[in-house]
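Peer 1: no FASTA, just this:
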């Protein structure tokens, strides 16, 4: 498998790191009370060019201590309430700035599976919420045995409706259930021929693809 195989897809390629890009990734845990200032999110909104609308891509966050630390509360009432408040807050400020928002899912975060991701998109899409296809970030260590099936489920459900696809790879350094390490595309163990074929089948040709040069580790 080579980068050329992915390049056969007609989808436009976009950066998510450029300040002036159509899509802009903002790292950090948005459940942290200091996140909007510390991440630069408020500054980006204040200087946002309404004539060139940006979709900000952020994690849905975790109640755990570290950014990628799971917490049982993420998937119980505290997590549901935190996510509802976060969606309302960020949708409000981005709409006021003429921008939009999309949450990147992660298996340890409040949005931890594609079903929950799509449910929130259906509930809030008219208010400016977009959905993000990020297959690698949904994979937990326990999914290694059936990796291809989990990737297929995510792509089949999300690809036809997503605003952007973020492609990363995975490296399994430990034994299950150790979480895999997300690495740049082509530097891990994902069955890339299979993923490209799934994207060919389910991702509309106009939907952009981002292939970050470094993993989204912040």
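Peer 2: Here it is on my side, so go on. Values in this document were obtained by computation on a predicted structure and should not be read as measured data.
Peer 1: for the protein, longest helix please?
Peer 2: The longest helix of the chain (DSSP state H) is helix 77-96.
Peer 1: ok, then the element right after it?
Peer 2: As assigned by DSSP states H and E, the chain's next helix or strand after helix 77-96 is strand 100-104.
Peer 1: Just list what the helix or strand just after that following strand packs against, helices and strands only.
Peer 2: Next helix or strand after strand 100-104 toward the C-terminus (DSSP H and E): helix 114-124. Helix 114-124 is packed against helix 77-96, strand 129-133, helix 147-158, with contacts defined by 3 or more C-beta pairs under 8 Å, 6 or more residues apart in numbering; DSSP states H and E. Where C-beta positions appear, they are placed from N, C-alpha and C, glycine not excepted.
Peer 1: any chance of the ones you listed in TSV, plus distance to residue 204?
Peer 2: Below are these laid out as TSV (distance: least, C-beta to C-beta, whole Å):
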stretch	distance to residue 204
helix 77-96	24
strand 129-133	11
helix 147-158	12
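Peer 1: Most tightly packed of those?
Peer 2: strand 129-133 (a mean of 24; mean count of other C-beta atoms under 10 Å).
Peer 1: Just checking: what are the partner strands of that one?
Peer 2: Partners of strand 129-133 in the sheet, by DSSP bridges, are strand 100-104 (parallel), strand 164-166 (parallel).
Peer 1: Could you point out which of those sits nearest residue 212?
Peer 2: Nearest to residue 212 among the strands paired with strand 129-133 is strand 164-166 (7.0 Å), distances taken as C-beta to C-beta.
Peer 1: ok, now how distant is the nearest residue to residue 156 once chain neighbours are set aside from residue 157?
Peer 2: Distance criterion C-beta to C-beta, 6 or more residues apart in numbering; nearest residue to residue 156, sequence neighbours excluded, is residue 202 at 5.6 Å. With distances taken as C-beta to C-beta, to the nearest Å, residue 202 is found 9 Å from residue 157.
Peer 1: again with residue 119
Peer 2: Residue 119 sits 11 Å away from residue 157, going by C-beta to C-beta.
Peer 1: next one: residue 206
Peer 2: In terms of C-beta to C-beta, residue 206 sits 19 Å off from residue 157.
Peer 1: ditto for residue 111
Peer 2: To residue 157, residue 111 is 13 Å away according to C-beta to C-beta.
Peer 1: Next: residue 192.
Peer 2: Separation of residue 192 from residue 157 (C-beta to C-beta) stands at 20 Å.
Peer 1: how much space between the residue most central in space within the chain and residue 193?
Peer 2: With distances taken as C-alpha atoms, centre = their mean, residue 104 lies nearest the centre of the chain, 2.2 Å away. Distance check for residue 104 against residue 193: by C-beta to C-beta, it reads 24 Å.
Peer 1: try residue 15
Peer 2: Per C-beta to C-beta, residue 15 is found 25 Å from residue 193.
Peer 1: quick one: residue 199 is in a helix?
Peer 2: Yes. With DSSP: H, G, I helix; E, B strand; the rest coil as the criterion, residue 199 is assigned to a helix.
Peer 1: Right, I'll leave it there.
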